[in-house]
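Engineer: Any chance you can model this:
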Amino acid sequence: MKISIFGTGYVGLVTGVCLAESGNDVIGYDIDEKKISLLKKGIPPIYEHGLDELLIRNLKEKRIKFTTNSKIAVENSDIIFVAVGTPSKEDGSANLTYVFESVETIKKYANGNKIIVLKSTVPVGTAAKAKELVKDSKFKLYICSNPEFLKEGVAVDDFMKPDRIVIGADDPYVFEVMKELYAPFVRNERPIIFMDNASAEMTKYAANALLALKISFMNEIALLCEKVGADVEMVRKGVGADQRINYSFLFPGVGFGGSCFPKDVRALVHLAKEHNFDLKLPKATLEVNERQKKHIIEKIKKHFGENLKGKTFAIWGLSFKPNTDDMREAASITIINELLKLGAKIKAFDPKAMNEAKKIFGNKISLSKDPYDALDKADALVLVTEWNEFRNPDFEKIKSKLKNPVVFDGRNIYNPSKLRNLGFIYYGVGRL
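Structural biologist: As a prediction, the model looks like this:
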């Protein structure tokens with residue numbers, strides 16, 4: 001099939017490369033000339049496990065190409081995915097400017113019937129508005145809602161082996177085409193679920209809000225555990241064993257971040273507000289998450305005092321989760337900014353997000369060449385992101401480099417008893 005992708009960010013690039021890998025002819029379109037220049041050379045502008053290999057292979061096989069010319073992208077495709085950003089506005093609603101601009105552009109350059117696939121996360125009613133925009137086109141422009149359910153860090157695997165594929169449309173022709181397009185990815189009997197556009201749009205928000213709720217719920221239980229003398233790790237094991245609940249997203253820590261959960265839950269809350277409905281649980285989820293990001297600061301202040309002037313903290317992990325360089329709404333940003341406000345100095349390391357950190361913090365913090373370099377003359381280690389290389393470090397080396405053997409484990413990846421036996425002062429989240 002001939003496919004174009006409007007937007008070459010996380011979702012657009014992964015979608016385009018994976019569709020090319022299954023034999024389709026794909027054009028990636030973006031207005032960012034620098035990004036397109038890198039992609040033409042086989043260099044992804046983001047870090048995503050396995051993406052670079054697929055990109056290079058499909059460029060070589062000429063199944064994917066990139067352009068800044070929207071006319072070329074539209075005219076040479078039958079299916080056009082819109083995977084542009086929908087950032088939060090100040091009121092929490094989704095900014096749909098780029099989505100509707102894309103739809104208008106497709107309408108302008110359409111040279112035949114096209115299926116416009118809304119891959120961006122958009123609130124209920126977006127597809128209906130898109131239909132209004134294209135209804136006077138001289139060609140048939142179908143609107144399809146196809147929300148993504150990709151996890152950053154394993155997005156390629158998620159696309160290639162999805163749990164399910166959701167297709168929203170109001171025309172049997174669209175369902176048949178999309179079923180054929182996705183057939184190579186559901187040979188393991190995973191379902192393609194067909195529904196109307198509004199239900200598809202709501203499915204995405206409901207899924208993200210529920211996952212975010214699980215995280216915030218467990219984070220609140222962790223704080224309660226600290227007050228009553230329980231160990232949240234034991235509680236997590238007992239709760240997660242219930243098959244109705246399971247262990248996914250039940251890991252307490254410093255809160256969730258990234259490009260999806262915070263933005264999408266805010267948009268869902270705003271959508272409810274527009275319909276005069278107070279959506280209490282998702283709203284509380286956001287409140288709990290913001291409190292959670294600052295909880296580790298309270299532990300630090302309790303140990304070192306309110307004034308941290310002259311103190312240096314080693315930060316391990318800057319991305320919002322492992323296996324990505326994405327720092328959008330990462331807990332590390334809140335934690336570092338709070339420490340800076342209290343007069344502390346920061347030495348930080350992340351395996352992939354150092355360039356992003358430089359953009360965000362500039363010279364406000366020191367970026368270290370490796371994890372152990374960040375520890376030199378630091379007063380404590382603060383673990384923020386649970387990268388695999390942080391899970392089994394040389395604790396004796398850590399102890400020898402720190403001025404004080406203090407560890408604030410924001411992801412509960414270390415064994416408290418082991419560290420205390422080694423002479424560390426250990427603080428986890430909801431741990432004894």
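Engineer: Test my guess that residue 387 contacts residue 353.
Structural biologist: No. The criterion here is CB atoms under 8 Å, and residue 387 misses it with residue 353 at 9.8 Å. Where C-beta positions appear, they are placed from N, C-alpha and C, glycine not excepted.
Engineer: of these two, who's got more company?
Structural biologist: Neighbour count, other CB atoms under 10 Å: between residue 387 and residue 353, residue 353 has more, with 26 against 23.
Engineer: List phi and psi for that one.
Structural biologist: When read as degrees, to the nearest 10, the backbone of residue 353 gives phi -100, psi 20.
Engineer: Double-check it against residue 325; I have them as touching.
Structural biologist: Yes. Residue 353 lies in contact with residue 325 (CB under 8 Å); the separation is 4.5 Å.
Engineer: overlap in contacts of the two?
Structural biologist: By CB atoms under 8 Å, 6 or more residues apart in numbering, residue 353 and residue 325 have these common neighbours: residue 319.
Engineer: Which residues are in contact with the closest residue in space to residue 125 that isn't next to it in sequence?
Structural biologist: Counting by CB to CB, 6 or more residues apart in numbering, residue 125 lies nearest to residue 198, which is 7.0 Å off, once chain neighbours are set aside. Residues in contact with residue 198 (CB under 8 Å, 6+ apart) are 124, 125, 127, 128, 168.
Engineer: For the first one, I want the exact helix or strand it lies within.
Structural biologist: What that stands for is residue 124. Using DSSP states H and E, residue 124 maps to neither a helix nor a strand.
Engineer: of the contacts of residue 198, buried ones?
Structural biologist: Applying 16 or more other CB atoms under 10 Å to the contacts of residue 198, the neighbour count classes 124, 127, 168 as buried.
Engineer: contact partners of the host helix or strand of the second one?
Structural biologist: Residue 127 belongs to helix 126-134 when elements are defined using DSSP H and E. Taking CB under 8 Å, 6+ apart as the criterion, the residues outside helix 126-134 that touch it are 96, 99-100, 103-104, 106-107, 116, 118, 141, 143-145, 168, 197-198, 200-201.
Engineer: can you check stretch 206-224 too?
Structural biologist: Here stretch 206-224 makes contact (CB under 8 Å, 6+ apart) with 121, 149, 230, 232, 235-236, 248-253, 255-256, 260-262, 264-265, 268, 281-282, 284-286, 288-289, 292, 295, 429-430.
Engineer: ok, 7 Å please
Structural biologist: With CB atoms under 7 Å, 6 or more residues apart in numbering as the test, stretch 206-224 has contacts from 149, 232, 235-236, 249-252, 255-256, 260-261, 264-265, 268, 281-282, 285, 288-289, 292, 295, 429-430.
Engineer: Which of those fall within helices?
Structural biologist: Residues of the contacts of stretch 206-224 located in helices (DSSP state H): 232, 235-236, 261, 264-265, 268, 281-282, 285, 288-289, 292, 295.
Engineer: tell me the strands in the stretch 151-300 of the chain, going along the chain?
Structural biologist: Under the criterion DSSP state E, counting those that start in this stretch, strands of the stretch 151-300 of the chain are mapped to 165-168, 192-195.
Engineer: Out of those strands, indicate the one that is most buried.
Structural biologist: Mean neighbours per residue, mean count of other CB atoms under 10 Å, is largest over the strands of the stretch 151-300 of the chain for strand 165-168, with a mean of 23.
Engineer: just checking, what packs against that one?
Structural biologist: strand 141-145, helix 172-182, strand 192-195, helix 197-228 (3 or more CB pairs under 7 Å, 6 or more residues apart in numbering; DSSP states H and E).
Engineer: For residue 90, find the nearest of those.
Structural biologist: Closest approach to residue 90 among the helices and strands packed on strand 165-168 (CB to CB): helix 197-228, 19.3 Å.
Engineer: tell me how far the strand or helix carrying residue 102 is from the chain's mean position?
Structural biologist: Taking DSSP H and E as the definition, residue 102 sits inside helix 97-109. Taking CA atoms, centre = their mean, to the nearest Å, one finds helix 97-109 lying 25 Å from the centre of the chain it belongs to.
Engineer: what angle sits between that helix and strand 141-145?
Structural biologist: On the basis of axes from the mean of the first three to the mean of the last three CA atoms, to 10 degrees, helix 97-109 is oriented at 150 degrees to strand 141-145.
Engineer: Just the residues contacting helix 97-109, thanks.
Structural biologist: Contacts of helix 97-109 with the rest of the structure, by CB under 7 Å, 6+ apart, involve 6, 70-71, 74-75, 80, 82, 84-86, 114, 116, 118, 120, 122, 126, 130, 133-134, 137, 141.
Engineer: same thing but 6 Å
Structural biologist: Contact with helix 97-109 is made by 6, 70-71, 74, 80, 82, 84-85, 116, 120, 130, 133-134, 137, as judged by CB atoms under 6 Å, 6 or more residues apart in numbering.
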